[in-house]
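Colleague: coords below, sequence missing:
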C-alpha cells in the first residue's frame, strides 16, 4: 500500500468537489482525482466533460487553487509528492503519452512506461484489479469503458488495449465501425476515431486469428483501415484478400514470451497500428536469443504450503491417464528447474495449479507462488501482487508478459522519436 503525503491528502480534498461533476457513469470519483493529480505532475491533459469546461482552463483553475493553499509551487516538487512513494514511476519528462485500456494490473503500462511513456488515462472494469493497479501505479483506473465518452479522454500518442475476443454479427461489413456495435472492440474503435492517436497496440490471444473462422480478425482490420489506420497487412489484402491470406500475414504479428527472456510458453498476437502515412511498415522486435530456464524465476525458499496434497496429486495423475485414453491432450504440466519453459499461465491457475507444477525431490510437486507467477510474466520484484492469492494468480494469468511489451515499446518509441 502507498502512504500518501500530507500534501497529496490535502490536494485530494480541494479537488474532490470539482472532480465530482466530471465522473462518468460506473467510475469512481477517485479515478478523476488521481488522473488530475497525475496530469498536473506530468504536464498532461485533464480528463473532463468538455460540456462543463475545457481541459486546459480546468487544469489552470485547479493548479491555481492548489497554489492558493500552498500545495503547488513547482512541477518537480509536485511530481515528487505524487509519485514519491511509488516504486514504479514514470519519468519526470516523458517522451510520449499513452492510454491504458482493459488495463488489468498494468503490465502493458509498465512496458511503455519504462521506455519513457506517461500514462494519461487508464480503464479497468474489475474492482480487484483496480486495487492492485492503484497500489502499484498510484491511480484508480476509470471503470466501464462503454460508459466513458471518447471526447472526454485526454490527448495521447498511443492507445494500448488488450481486449476480449468477441464475435461480430455477420449481417453487415458495409458500415465500418457500426458493424462492431455491442462489442468492446467498438469502444476502442470509437476512441481511435475520436482521438486519432499516432499509434495503437492491440493485444489478444493467438486464437483471435482463427476466431469465427477468421471473420472476427477481418472485421477488426477492415474497421480500422476504414478509419485511417494501417498495419503490416496491406490494405488491399484486408479489403479484397481471402480470410486465409489475412490469417497467414497475421501470424507474423504473434510473439512468444520465451523469445524475450521469459521461460513461459505464451503466444499472443500484437496488432501494431499507425495513422495512415506516419510510417510505411512496422518492424516487430526480434527474439533476444537469451537462454533461460524455469529455475531462473523460482524463489529460493518457497512456502511449504505450495506443495500439493496427495489427493490432488493423485487426481492430476488419474485425469492425465484418462485424458490420454480419450485422446484429450491436456493434463498437468510438470516442470523442473532445468526446463526451458512452463505451460501458459492462465487466469484459472488458482483452482488447482495444474498448468504449472514444479517437481520436488522426495515429495509431491508444488504450485508456483504469486511472486513466481509475476516473474513468469516479466513483472519486476518491486511490483506488489494482490494480497489475495486467488486474485494474484487470476491477475497474472490475465496479464501480458512485460518483456514482450518492452520490446514493442522500444520499437514504437524509436519511430515516435523520428516523427517528433
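Modeller: Cool, got the structure. Quick caveat: nothing in here was measured; it's all calculated off a predicted structure.

Colleague: For the helix or strand hosting residue 122, give me every contacting residue.
Modeller: Using DSSP states H and E, residue 122 sits in strand 117-122. The contact list for strand 117-122 (C-beta atoms under 8 Å, 6 or more residues apart in numbering) reads 35, 38-39, 42, 44-45, 47, 90-91, 94-101, 103, 106, 109, 112-113, 133, 137, 139, 141-142, 153-156, 158, 409, 413. Bear in mind the C-beta positions are built from the backbone N, C-alpha and C, glycine included.

Colleague: before we move on, what about stretch 349-369?
Modeller: With C-beta under 8 Å, 6+ apart as the test, stretch 349-369 has contacts from 294, 298-299, 302-303, 306-310, 312-313, 316, 331-337, 342-346, 373, 376, 389-390, 393-394, 396-397.

Colleague: Restricted to strands, list those residues.
Modeller: Among the contacts of stretch 349-369, the residues falling in strands (DSSP state E) are 334-335.

Colleague: How about the residue most central in space within the chain: what's its closest non-neighbour residue?
Modeller: Centroid check for the chain by C-alpha atoms, centre = their mean gives residue 108 as the closest residue, at 3.7 Å. Leaving aside its chain neighbours, residue 108 sits nearest to residue 160 (4.8 Å; criterion: C-beta to C-beta, 6 or more residues apart in numbering).

Colleague: Now do the helix or strand hosting that neighbour: distance to the chain's middle.
Modeller: Taking DSSP H and E as the criterion, residue 160 maps to strand 158-162. Distance, stretch centre to chain centre, for strand 158-162: 8 Å (C-alpha atoms, centre = their mean, to the nearest Å).

Colleague: Could you figure out how far the longest strand along the chain is turned away from strand 158-162?
Modeller: Determined from DSSP E, the single longest strand within the chain is strand 267-275. Per axes from the mean of the first three to the mean of the last three C-alpha atoms, to 10 degrees, the angle that strand 267-275 makes with strand 158-162 is 150 degrees.

Colleague: which ones are touching residue 43?
Modeller: residue 75.

Colleague: Partner strands of the strand holding residue 122 and their direction?
Modeller: Note on strand 117-122: by DSSP bridges, its sheet partners are strand 96-101 (parallel).

Colleague: Can you tell me which helices and strands the longest helix seen in the chain packs against?
Modeller: Longest helix of the chain, by residue count under DSSP state H: helix 402-419. The elements that helix 402-419 packs onto, with contact taken as 3 or more C-beta pairs under 8 Å, 6 or more residues apart in numbering; DSSP states H and E, are helix 107-113, strand 199-205, strand 254-256, strand 267-275.

Colleague: which residues of the stretch 101-250 of the chain score low on pLDDT?
Modeller: Across the stretch 101-250 of the chain, residues meeting the criterion (pLDDT under 70) sit at 168, 170-181.

Colleague: the helices in it, which residues?
Modeller: Remark: helices assigned in the stretch 101-250 of the chain by DSSP state H, counting those that start in this stretch are 107-113, 127-137, 184-195, 215-226, 235-240, 243-250.

Colleague: Please compute how far the second one lies from its chain's middle.
Modeller: In this view, helix 127-137 has its centroid 13 Å away from the chain centroid, taken as C-alpha atoms, centre = their mean.

Colleague: One more: the last one?
Modeller: Helix 243-250 sits 25 Å away from the centroid of its parent chain (C-alpha atoms, centre = their mean).

Colleague: I'd like to know the phi and psi angles of the residue lying farthest from the centre of the chain, please.
Modeller: Centroid-distance maximum for the chain: residue 362 at 39.7 Å, with C-alpha atoms, centre = their mean. Main-chain torsions, residue 362, degrees, to the nearest 10: phi 70, psi 10.

Colleague: And residue 360, by the same measure?
Modeller: phi -130, psi 130.

Colleague: is it in a bridge, and if so with what?
Modeller: residue 363.

Colleague: For it, give its distance to residue 242.
Modeller: 51 Å (C-beta to C-beta, to the nearest Å).

Colleague: who has more neighbours, these two?
Modeller: Set residue 360 next to residue 242 and count neighbours by other C-beta atoms under 10 Å: residue 360 wins out with 14 against 11.
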